[in-house]
Structure formats: structure tokens, C-alpha cells
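J.: what follows is a predicted structure for the sequence shown.
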Amino acid sequence: MRIILALFSILICTVVVAEDGLSVQFTIEEKVLGSHSVQSYTNSILMKFNESAKFEFKNIYNVKFTSRTLEEKINLVVTLHDWIDGKPYYVGAKSIDIVVGSDFNFELEKYGRSYKLNIDTSFGILPQ
């Protein structure tokens, strides 16, 4: 009976092991060039490594993250679209090699606006 309980416990422990994913927290700050007014939008996503994930601030922005694992880092590509007149317009993209747990920021300018993106990464446990 003890052997059966031990085997059952081992089986349960191996089944419940969760997979690590990539958690990306991001803020987009938009400023009309020549203005002092700044609009800021913040959110986060949890995604699998070596895949893409897209987030939409409805009728405001589309942001897409694509990750690829490297030896000790990941390559993260961030692509931004701004919704202008009801349509998504490409603003730009940035590719960076970083260690998970690091953060970075970058700026893009297009359509008379400045876009500052702040990106923070960490490990996250994917739901099963």
C-alpha cells in the first residue's frame, strides 16, 4: 500500500509541474510633438517563450511581442501600431537581446507624435 501511495505522489508531483513563461509589463507614453500633454497606457502579458503575443488597447494601440530564446538571453521584438482615424498605422519596431528580469525603454517618432515604450520582463508561471 505504501508503494502505491508513493508512486501516486510521484505521479501527481510530475503532472503539476508548471511551465515558465515570459511576463512582459509595458507602458506606452504618447506625446504630440510640441505639446506638454502626455497620455500613458500600461498593461502586461504572459506568453510562452519562442512565440508571439499581441495586445490591443481597443482603438488606441496594437502592440506585439515576439520572443526567441538565445543561450543566456532572449531576443524580444516589440512592434507598435497606433490607431488613427479608425485604422492601425505602423509606428515602428525594436529588437533587443536581454536577460529575463531586465527592463529597457526606447522611443519612436511618427505622425507628429513621440512614443516612449518602457518594457520590463520577468518569469511567469503559465496557466495549465
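T.: Structure's in. What do you need? Residues are numbered from 1 along each chain as shown.

J.: count the residues that sit near V24.
T.: 23 (other Cβ atoms under 10 Å). The C-beta positions use only the backbone N, C-alpha and C, and glycine is treated the same way.

J.: contact partners of the helix or strand hosting it?
T.: In the assignment (DSSP states H and E), V24 maps to strand 20-32. Residues outside strand 20-32 that contact it (Cβ atoms under 8 Å, 6 or more residues apart in numbering): 37-49, 53, 57, 61, 63, 65, 67, 74, 76, 78, 80, 82, 100, 112-126.

J.: show the buried residues in those.
T.: Among the contacts of strand 20-32, those scoring as buried are 45, 47, 53, 61, 63, 65, 67, 74, 76, 78, 80, 82, 100, 113-115, 117, 119, 121, 124 (criterion: 16 or more other Cβ atoms under 10 Å).

J.: my read is E72 is in a helix, agree?
T.: No. Read with DSSP: H, G, I helix; E, B strand; the rest coil, E72 is coil and lies in no helix.

J.: give the helix, strand or coil label for D82.
T.: Three-state assignment for D82 (three-state DSSP): strand.

J.: and it, what are its bridge partners?
T.: Y61, Y89 (DSSP bridges).

J.: okay, it: pLDDT?
T.: D82 carries a pLDDT value of 96.

J.: now it: how far from F57?
T.: Distance, D82 to F57, using Cβ to Cβ, to the nearest Å: 10 Å.

J.: who is the most centrally placed residue in the chain paired with across the strands?
T.: The residue lying closest to the centre of the chain (Cα atoms, centre = their mean) is V24, at 3.5 Å. In this entry, V24 is beta-bridged to I45, T121, by DSSP bridges.
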